[in-house]
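Student: got a structure for you, letters missing:
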């Protein structure tokens, strides 16, 4: 039970940080921001690694394998496409 | 990879992993923060991806991981697919790309919870792990099917209008309620396969049923909301695994997604409830505009060229029609020609000018328009009264004064670009057809307004040629 409470503290505090980080973002950046945040949610990849590498059951490893494929598409694709968009944002040359 | 380390280091591994996770969290927070300003955004994204890399590499040293075949195969396949998609996608197709990536992320979280359950369950799972497993599967699966429906709608594979059973809202509410009960039941009786699979199936169906009725124009809001869901699903998977990095990053994205959803709703003059439970968006076939017998003034490229060349300040108000016509580059050429003549050119961008908030900025950035010429609605609105000419290209509803004046109009209350305050407005448009909202635009009939009919790209090319001839 203490674990759950401790984790809930982390969850709620991190949510507040998330709210604070986004409130001041200008509309110009909403699309890259959404795509970048989306890439971060692929963090579940870390859980997928543990499952695909665990010795307990091959069945679970296959599930983990599928999870890794899904999550890396999200992470790699998400960060790359965000970078592609942001690369184009340039200041006016003087 | 811990087995490759010398014996005396083994005992340090668990704490080292946690500390590196803490560092990765820092990278995510600073990364998101830096994504908030055009000058630092690219660096912010790179910091976040570096944080991710750190987290992944250190996880490989986790003592629970003993074999690497599945990991290597999965990472290689996933990275290739992701990289190819990211390289190939057209900037105009960004909303559906984000939807697809998001769907995979949500699906991955559901799979992670399922995999962990398969490894240790039901014996080694306590109630809290079972509840969070159930929630992770529920939210992750909803995100998965919901995102792919959103993708299909944006891509045109699925009809963009409302697809719904009679009483769909009640069905959805009942199903969602049933799903929550199933999560509880699953926690009570984790050994029952029927309950486990019913929960999985029901979650997938809820994802379908929730997004199918929503119109294409509202899809960006839905994607943003699903993005938030995929964060929460990752966070729930973190609860199942007892992994702080997952809990924190998931919560960050979950909260950020909610805020972004809210900002988008405001920009589109919609409440989240109306997006989810009604069908206004994209129902363009519905209302046929009553044009009456009012008349509009038409204009030509030469005339527009003269008006713009002798103006002090020209504001360009682009809409998605500009991107459809692939006219961003020609537009940029026109703007440069005018600037060479000493005209001040600014772009006034409505938050929903593209197919998703901020999309138009990306499309114009692609055409090498510097971002300091791009002005948000709130920045540009006070300037229209001192503007000589506004060029409205491929935009309609976002410049419709009915949003300010006509109570009862579907767009009433929506914040718009106040182009009618400028001395002259010129609308580039194919025909008099209405926009997404399916309503007529009073601006077209205004005395100060002129219509330049035709394909946006062709019209702009003519305009560029006409401006050059003036020299």
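Tutor: Yep, it's here. Because the structure is predicted, anything quoted here is derived from the model rather than measured.
Student: what residues are up against the closest residue to chain A within the stretch 151-300 of chain B?
Tutor: Proximity of the stretch 151-300 of chain B to chain A (C-beta to the nearest C-beta) peaks at residue B:255, 2.9 Å away. Bear in mind the C-beta positions are built from the backbone N, C-alpha and C, glycine included. Residue B:255 sits next to A:14, A:15, A:16, A:17, A:18, A:19, A:22, B:228, B:231 when contact means C-beta atoms under 8 Å, 6 or more residues apart in numbering or on different chains.
Student: Low-confidence regions, the chain specifically.
Tutor: I'll assume chain A. Low-confidence segments of chain A (pLDDT under 70): A:1-2, A:93-94.
Student: wait, I meant chain B there
Tutor: Under the criterion pLDDT under 70, the flagged ranges of chain B are B:122, B:278-293, B:436-438.
Student: List the buried residues for the helix ranked longest in chain B?
Tutor: Criterion DSSP state H: the longest helix present in chain B is helix B:127-155. For helix B:127-155, a neighbour-count test (16 or more other C-beta atoms under 10 Å in any protein chain shown) marks B:128-154 as buried.
Student: okay, the contacts of residue B:255 in TSV with distance to residue B:26, neighbour count and secondary structure next?
Tutor: Formatted as TSV, the contacts of residue B:255 follow (distance: C-beta to C-beta, whole Å; neighbours: other C-beta atoms under 10 Å in any protein chain shown; DSSP: H, G, I helix; E, B strand; the rest coil):
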residue	distance to residue B:26	neighbour count	secondary structure
A:14	12	24	helix
A:15	17	22	helix
A:16	16	12	helix
A:17	11	19	helix
A:18	14	28	helix
A:19	18	15	helix
A:22	17	25	helix
B:228	22	28	helix
B:231	18	34	helix
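Student: Please produce a markdown table containing those residues, extended by distance to residue A:47.
Tutor: Output for these, formatted as a markdown table (distance: C-beta to C-beta, whole Å):
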| residue | distance to residue A:47 |
| --- | --- |
| A:14 | 16 |
| A:15 | 19 |
| A:16 | 23 |
| A:17 | 21 |
| A:18 | 19 |
| A:19 | 24 |
| A:22 | 24 |
| B:228 | 19 |
| B:231 | 14 |
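Student: Which single one of the residues you listed is nearest to residue B:210?
Tutor: Set against residue B:210, the nearest of those by C-beta to C-beta is residue B:228 (13.7 Å).
Student: hang on, that closest one packs against residue B:264?
Tutor: No: using C-beta atoms under 8 Å, residue B:228 makes no contact with residue B:264, being 11.4 Å away.
Student: quick one: contacts for the closest residue to residue B:185 other than its chain neighbours?
Tutor: Excluding the flanking residues, the one nearest residue B:185 by C-beta to C-beta, 6 or more residues apart in numbering or on different chains is residue B:195, at 5.4 Å. For residue B:195, the contact set (C-beta under 8 Å, 6+ apart) comprises B:182, B:185, B:186, B:189.
Student: From these, which land in helices?
Tutor: B:182, B:185, B:186.
Student: Can you tell me which of those residues is closest to residue B:371?
Tutor: Checking these against residue B:371 by C-beta to C-beta gives residue B:182 as the nearest, at 47.9 Å.
Student: Could you check how many residues crowd around the closest one?
Tutor: 21 (other C-beta atoms under 10 Å in any protein chain shown).
Student: so what's it up against?
Tutor: Taking C-beta under 8 Å, 6+ apart, we find residue B:182 in contact with B:134, B:195, B:198, B:199, B:202.
Student: Spit out the contact partners of residue B:399.
Tutor: Counted by C-beta under 8 Å, 6+ apart, residue B:399 has contacts B:317, B:350, B:392, B:416, B:417, B:419, B:420, B:425, B:441, B:443.
Student: Then residue B:422?
Tutor: By C-beta under 8 Å, 6+ apart, the contact list for residue B:422 reads B:315, B:384, B:385, B:387, B:388, B:389, B:390, B:448.
Student: if I look at the spatially most central residue of chain B, how far off is residue B:98?
Tutor: Centroid-nearest residue in chain B, with C-alpha atoms, centre = their mean: residue B:220, separated by 4.5 Å. Note on residue B:220: its distance to residue B:98, by C-beta to C-beta, to the nearest Å, is 9 Å.
Student: Identify the contacts common to these two.
Tutor: residue B:356.
Student: Am I right that residue B:346 sits in a helix?
Tutor: No: going by DSSP: H, G, I helix; E, B strand; the rest coil, the assignment for residue B:346 is strand, not a helix.
Student: can I assume residue B:317 sits in a strand?
Tutor: Yes: Residue B:317: assigned to a strand according to three-state DSSP.
Student: Nothing else from me, thank you.
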